Every structure is written in C-alpha cells, then in structure tokens.
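1. A structural model of the following input is requested.
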Amino acid sequence: MSHIVIVGRKFSELADRLTQSGDTYTLLQDVKKTKFPDKKFRRRIVADFSSNESLLATVKTLHDNDPIDAVISLYENYILPTAIIGEFLGVPHLPVASAEACTDKFLMRTLFNGASEKISPDFAIVQSIDDVLAFAHSHSFPLILKPANLAKSLLVTKSSDITELRNNYEKTMTMIDKIYETYAPNRTPKLIVEEFLEGSIHSVDAYIGEDGIPLVLDNVVDYQTGYDIGYDDNFHYSRILPSKLSANDQIALRHCAEIGIKALGMKNSPAHVEVIMTVDGPRIVEIGARNGGYRGRMHRLANGIDILGAAIEVALGKKPSIIALKNEPCAVLELFPKHPGIYMGIHNESTLRSLSSLEYLSIKATPGRFVGKAGDGYKMCTVVILHNTDQAKFDKDILTMQNDIFIDTTS
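-> The predicted structure follows:
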C-alpha cells in the first residue's frame, strides 16, 4: 500500500481510483482555492502554494507523520509545485526545469527550437503592443495571441489583420489580471504571439519513465474547434476517438510527440501533446505534463485503457500498460454560446437527452447568468460525452449534436 499525495486540487476519479487500488492518499490543497481552510478533513491538508518555503514545510510535516511514496497532479496550475515537492522528497518526479517548460509556452517553444526537427510555430514574447506589431510585420496573418501559462483556451484569440490584432491585444490586457487571479492566482501573466498553423488539430497522450523514453498511445484524438463549426472563438468543441487520420499521418504525429517530449527533458510523468497536421507535417501546439482533459473516460470507454492507473504507476516509478483492448467511438463535446449573452438553456435539450450514445451530461451554466467566449475568459456551459459500440449510431448522434444542439442566449 502506497501513500500518494494529490497536489493542488482533488480530482474525484483519481481519488476513487486510489481508494479502489487499496492505496492511501492525502490532498494537499491550495489555500487560495479553499473555501473553508480551517475545517479539518481526514485526507486533506491545506498549504500556501505562493511560498515554496511554506509549501515544503507543510510537506515535510506530512511526510514525517506518514511517509510519502509519490506525488501527482492532474491540473496545469500545480504541475510545477508537484515537481518541486517530488524533488524535495526524492520520489519519482518530473524535473523542475521540465515542469517550468511544460507550464510556460515561451520556455516550451524555446526548447522546441533546439529539437532535431521543426516541430512548432514561430513565436515571440509580448510585453507591449510594439512587440505584437513587430512580430506582425515579419509574419503573415492570421496570428494567434495567447497567454503563455494558462489552460483551457482562456484569452486565446485569432487575428486576421493589424486592426483586429491591436483590438484583441487591448481587450486581452483589460481582462488578463482578473483571469489570472481567478484561474491561476500563483502565476504572473505572460503573453506570446505566434503563427497560426493551418490544418487539423489532434492530440495524443504518453507516459515517460526515469529513462526519458516516451511510451506514446496508439490512439490519436481528433479535435474540432469553435472556428471549425462557425463560431468566432478558439475553444475545443469536440474531442473524438478513433482518429480519421491516415495510418502514416498518425505515425508522423506520434513521432513528433516523441521529439517534443524529449526536447523538454520530461521524465516520470504523463504527457498530453496537442498537434496540428499542416501541409509541412505535424507541429506541436503544446505539451502538458498531465493527461489530457477527459482522457480517463475517453480511453476507458473507447479503448479499455486505464489512463489514471497508468499515471499512478508512473508516479510510483513503474512502467504502465497502455495497450488498447478495443477501438470504439467516443466523443467529448464542450458547448459554448455562439453569441455571448444571458444563458437561457440548451436548444433541443430533450433531443440531447434521448441520444442513444449519451454517456454523460453536465450542465454548468445557470439560467439568467451571463455566458461568453473562451477567448474572453469564460468556461463552457455544458459538457457532453458520447459513446456507442455501433459506429453508425454514433455518427448519427454526432451530426445531431453539430446541427441541432447548441446554447440559447439572449442579449
């Protein structure tokens, strides 16, 4: 039986998985994200993540009372603290420099530039509108402006000309402090501008042991963005298995993922690699030192792979099994409003609930509340998971989602 510390935020599926396996866990929770920090819970310790000295002092007390065998986090904001704690304890951990690169796209892109092949777009750090305009003058539109160290497409904008780029920059700067305070309170805002890569978007997960050699899943996930379905927003609308890429393109994508993982010097960690298949080959959007969102459910339903179990194995210094036992269709869809406004509900919600492929439905928006774009810092209104053993029924339900199900708003 192992004692595993979950760093930052609790993920219920992970906690349940650890309980089922007979391991014990302690949640090391961020005081800034804790409603009742003084309340005592058997498996929770509250810590100050804004100070490494204070954080490690809390960890030492916990370790002295109940020796820690592994540390793990599934959230972007806590990848770096998890690496720092792992190094302090001497348990298997992601190198701190790799953790910094995995959570900062400027550092990440810089390391990608030293890879054996071209695997990422041109980019520049942004500290003023002059930096944005200088990059624009030497590159072709469209261009992407994005935070270097946020997740979930927050504040990511696409600009087609100088006027739109200037407007997006000014709009981002009015919101950026508030968004970071809400979603990344221990991080300093940082922006980059980069080339827009034309092509289809995909991702693949991997696991890296102490030897630094990636074990990449065979199962590639296809994406649709808000732009793909006619929205003026860069969120991930759908994630779908199995991939429709050719076998050769999937091989090239996994090869690109391996190069990127090695360029970041990753060890003892999961990896989530997002890739765009351009006419010049695969290019990496980003690599996260965690499993991709919803991947535990997706790969369990579609492939019979225990993603969370594999992450636990890697955290304990063991080699995981990632062999697929089946290959069934599965999709996760995030619904945002096409037009920001007051949330009225899901259009054709009864149709949605009657889909034969419906596996999971979570409505996060509240009637009467304002909902908006991911690019403006808003989160999704609804999450839908579809799964079916019958490909034809699944394809029919996906079309229904795309054509008939959307978020109703009023101004």
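2. only C-alpha atoms for contact and neighbour calcs from this point on.
-> OK.
3. could you pull out the helices for the stretch 101-250 of the chain?
-> Under the criterion DSSP state H, counting those that start in this stretch, helices of the stretch 101-250 of the chain are mapped to 105-112, 129-137, 162-183, 247-263.
4. out of the ones you listed, which gets nearest to S411?
-> S411 lies closest to helix 162-183 among the helices of the stretch 101-250 of the chain, at 20.2 Å (C-alpha to C-alpha).
5. need the contact partners of that closest one.
-> 129, 132-133, 136, 143, 145, 150, 155, 157-159, 187-189, 376-377 (C-alpha atoms under 8 Å, 6 or more residues apart in numbering).
6. let's see it at 10 Å
-> Contacting residues not belonging to helix 162-183 are listed as 32-33, 77, 126, 128-130, 132-133, 136-137, 141-147, 149-151, 154-159, 184-191, 193, 375-378 [C-alpha atoms under 10 Å, 6 or more residues apart in numbering].
7. please apply the same query to stretch 47-65.
-> 3, 5, 7-8, 26, 28-32, 34, 37, 45-46, 66-69, 78, 81, 84-85, 88-89, 185-187.
8. downstream of the helix or strand of the chain with the lowest mean pLDDT, the next helix or strand is which one?
-> Confidence across the helices and strands of the chain bottoms out at helix 12-20, with a mean of 88, counting by mean pLDDT, DSSP states H and E. For helix 12-20, the succeeding helix or strand toward the C-terminus, using DSSP states H and E, is strand 24-30.
9. helices or strands next to that next one in the packing?
-> For strand 24-30, the packing partners by 3 or more C-alpha pairs under 10 Å, 6 or more residues apart in numbering; DSSP states H and E come out as strand 3-8, helix 12-20, strand 44-47, helix 52-65, strand 70-72.
10. what's the angle from the least confident helix or strand of the chain to strand 24-30?
-> The directions of helix 12-20 and strand 24-30 differ by 150 degrees, with axes from the mean of the first three to the mean of the last three C-alpha atoms, to 10 degrees as the criterion.
11. which other helices and strands contact helix 12-20?
-> Against helix 12-20 (3+ C-alpha pairs under 10 Å, 6+ apart) you get strand 3-8, strand 24-30, helix 295-303, helix 307-315.
12. adding distance to E164, mean pLDDT and mean neighbour count, write the ones you listed out as TSV.
-> Converted to TSV, those look like this (distance: least, C-alpha to C-alpha, whole Å; pLDDT from 0 to 100; neighbours: other C-alpha atoms under 10 Å):
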stretch	distance to E164	mean pLDDT	mean neighbour count
strand 3-8	37	97	24
strand 24-30	38	95	21
helix 295-303	35	97	22
helix 307-315	41	95	23
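13. let's have these in CSV, adding distance to A97.
-> Formatted as CSV, those follow (distance: least, C-alpha to C-alpha, whole Å):
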stretch, distance to A97
strand 3-8, 18
strand 24-30, 22
helix 295-303, 26
helix 307-315, 18
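14. and P337, backbone torsions?
-> Torsion angles at P337 (phi, psi; degrees, to the nearest 10) stand at phi -70, psi 140.
15. surely it meets G372?
-> Yes. The pair P337 / G372 is scored as a contact, 6.2 Å apart, by C-alpha atoms under 10 Å.
16. quick one on the thing from earlier: and among the helices and strands packed on strand 24-30, the most buried is which?
-> Comparing the helices and strands packed on strand 24-30 by mean neighbour count (mean count of other C-alpha atoms under 10 Å), strand 70-72 comes out on top with a mean of 26.
17. after it comes which helix or strand?
-> Downstream of strand 70-72 (by DSSP H and E), the next one is helix 79-89.
18. angle of that next one against strand 3-8?
-> Counting by the same axes, to 10 degrees, helix 79-89 lies at 150 degrees to strand 3-8.
19. picking up where we left off before, got TSV for the helices and strands packed on strand 24-30, with distance to I208 too?
-> Compiled in TSV, the helices and strands packed on strand 24-30 are given as follows (distance: least, C-alpha to C-alpha, whole Å):
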stretch	distance to I208
strand 3-8	19
helix 12-20	19
strand 44-47	28
helix 52-65	25
strand 70-72	14
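20. who wins for proximity to V383 among the ones you listed?
-> Using C-alpha to C-alpha, the nearest of the helices and strands packed on strand 24-30 to V383 is helix 12-20, at 16.3 Å.
21. okay, the angle between the closest one and helix 295-303?
-> Using the same axes, to 10 degrees: helix 12-20 against helix 295-303 is 80 degrees.
22. dump helix 12-20 to PDB, restricted to CA.
-> What follows is helix 12-20, C-alpha atoms only, in PDB (Å, rounded to 0.1, in the frame of the first residue of the first chain):
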ATOM      1  CA  SER A  12     -12.700  12.700  -7.800                       C
ATOM      2  CA  GLU A  13     -11.900   9.900 -10.400                       C
ATOM      3  CA  LEU A  14      -8.300   9.800  -9.300                       C
ATOM      4  CA  ALA A  15      -9.200   9.700  -5.600                       C
ATOM      5  CA  ASP A  16     -11.700   6.900  -6.300                       C
ATOM      6  CA  ARG A  17      -9.100   5.000  -8.300                       C
ATOM      7  CA  LEU A  18      -6.600   5.200  -5.500                       C
ATOM      8  CA  THR A  19      -9.200   4.000  -2.900                       C
ATOM      9  CA  GLN A  20     -10.100   1.100  -5.100                       C
END
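23. what's the distance between that helix and the middle of its chain?
-> Distance, stretch centre to chain centre, for helix 12-20: 20 Å (C-alpha atoms, centre = their mean, to the nearest Å).
24. what does stretch 197-213 give?
-> Centroid displacement of stretch 197-213 relative to its chain, using C-alpha atoms, centre = their mean, is 12 Å.
25. on that earlier part again, mutual contacts of P337 and G372, please.
-> D233, Y343, M380, C381, T409.
26. tabulate these (a markdown table), appending distance to G281 and pLDDT.
-> Below are these laid out as a markdown table (distance: C-alpha to C-alpha, whole Å; pLDDT from 0 to 100):
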| residue | distance to G281 | pLDDT |
| --- | --- | --- |
| D233 | 25 | 91 |
| Y343 | 40 | 98 |
| M380 | 31 | 97 |
| C381 | 34 | 98 |
| T409 | 39 | 97 |
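27. fine, thanks again, bye for now.
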